[in-house]
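Chemist: sharing a sequence plus its predicted fold:
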Amino acid sequence: MFGDRGTGKSTTVRALASLLPPMVVVDGCPYHCNPAQGPWCDACSADSDRRPSTASVPVVDMPLGATEDRVVGALDLETALTRGEKRFEPGLLARANRGFLYIDEVNLLEDHLVDLLIDVAASGENVVEREGLSVRHPARFVLIGSGNPEEGELRPQLLDRFGLSVEVRTPQDIATRIAIVRRRDEFERQPECFAEEWQREESALRDQIVAARDLLPQVQVPDAVLESATRLCLRLGTDGLRAELTLLRAARAVAALEGDPVVTQAHLLRVAPSALRHRLRRDPLDEAGSGARIARAVQEQFGGDGLG
């Protein structure tokens with residue numbers, strides 16, 4: 001999420017935890033392993049009796065100043081010094097497994113941490129080899145970043161790892177600004193009453209997400225829709241095949257969320273800006289923004305508003 005400062009980007013990400021239903025985990029596992037399905041950490045792999053428990057989906061903040069040891073994990077010095085035992089202290093990647101890893105000001109992240117995240121995101125596994133320790137554990141998470149593009153751009157290697165992008169702008173109409181300020185003020189003054197007031201809508205959205213998860217494996221993507229996605233990516237000149245894969249997965253998710261068993265062109269075009277905006281090559285001869293270029297490509301390929 002890139003956009004203006006003070007527009008609620010961090011607040012939006014941290015609110016995800018309350019919208020998602022609890023997940024089933026192995027009781028006492030620091031990596032939130034799923035007792036019914038791998039990949040598992042070493043301890044859960046060796047234990048055939050993985051007792052189930054429930055936990056909230058983690059939303060883990062990764063500070064810009066975090067050290068590599070804090071991110072990947074390291075030797076537990078207290079245990080080493082007091083007991084003479086080598087014990088692994090899990091890091092932020094362990095806490096984020098099966099959840100969300102959030103980086104505010106992600107465009108200012110140090111290069112060595114960017115490289116680390118790219119490796120883990122590609123493999124879904126965190127490997128630590130240091131101080132005589134050799135540890136592997138699952139590290140599958142949704143990576144979310146936010147920042148202000150005026151403060152610097154993301155490295156292309158990391159930008160390509162984000163499936164979707166969202167532009168957040170300061171609202172320009174008075175009614176919207178007043179509503180946002182009023183709600184923020186109500187939350188700060190009476191947080192419990194505010195949460196209770198919106199609990200019903202949060203529960204309804206949570207139920208909708210659960211139903212969408214159940215429907216998702218059955219959602220079909222017609223060949224015509226897949227061909228439309230491919231033609232749109234070719235027209236825009238995106239590199240590789242990640243753009244098509246992201247379009248396919250996002251359109252299927254939107255269809256499931258709306259209870260539709262088949263993906264339509266309307267679903268595809270609804271997610272196209274978010275899936276493609278950050279994947280476009282810079283064209284020195286075209287001063288239009290990425291959003292305008294996508295809209296123009298949709299108009300040229302589909303005609304009308306692209307939804308017919």
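Modeler: Nice, thanks for sending it over.

Chemist: how is this protein divided into domains?
Modeler: 2-168, 218-302 (automatic domain parsing).

Chemist: minimum distance to Asp207: which of those domains has it?
Modeler: Closest of those to Asp207 is domain 2-168, at 8.6 Å (criterion: Cβ to Cβ). C-beta here means a position set from N, CA and C on the backbone, and glycine is covered the same way.

Chemist: start to end distance for that closest one?
Modeler: For domain 2-168, the first-to-last residue distance is 6 Å (Cα to Cα, to the nearest Å).

Chemist: next one: stretch 142-150
Modeler: Chord length of stretch 142-150, first to last residue, is 25 Å (Cα to Cα).

Chemist: residues of that stretch that come out buried?
Modeler: Across stretch 142-150, burial judged by 16 or more other Cβ atoms under 10 Å covers Val142, Leu143, Ile144, Gly145, Ser146, Gly147, Asn148.

Chemist: assumed the third one was part of a strand.
Modeler: Yes. Residue state for Ile144 (DSSP: H, G, I helix; E, B strand; the rest coil) corresponds to a strand.

Chemist: enumerate every residue touching it.
Modeler: For Ile144, the contact set (Cβ atoms under 8 Å, 6 or more residues apart in numbering) comprises Met1, Val13, Phe100, Leu101, Tyr102, Ile103.

Chemist: next step: those residues restricted to strands.
Modeler: Judged by DSSP state E, the subset of the contacts of Ile144 located in strands is Phe100, Leu101, Tyr102, Ile103.

Chemist: burial measure for Asp214, as a count.
Modeler: Neighbourhood size, Asp214 [other Cβ atoms under 10 Å]: 9.

Chemist: follow-up on the earlier one: which one of the ones in strands among the contacts of Ile144 is nearest to Ala74?
Modeler: Of all the ones in strands among the contacts of Ile144, Leu101 has the smallest distance to Ala74: 17.8 Å, by Cβ to Cβ.

Chemist: hang on, isn't the closest one packed against Arg140?
Modeler: No. Contact between Leu101 and Arg140 fails when scored by Cβ atoms under 8 Å: they sit 10.3 Å apart.
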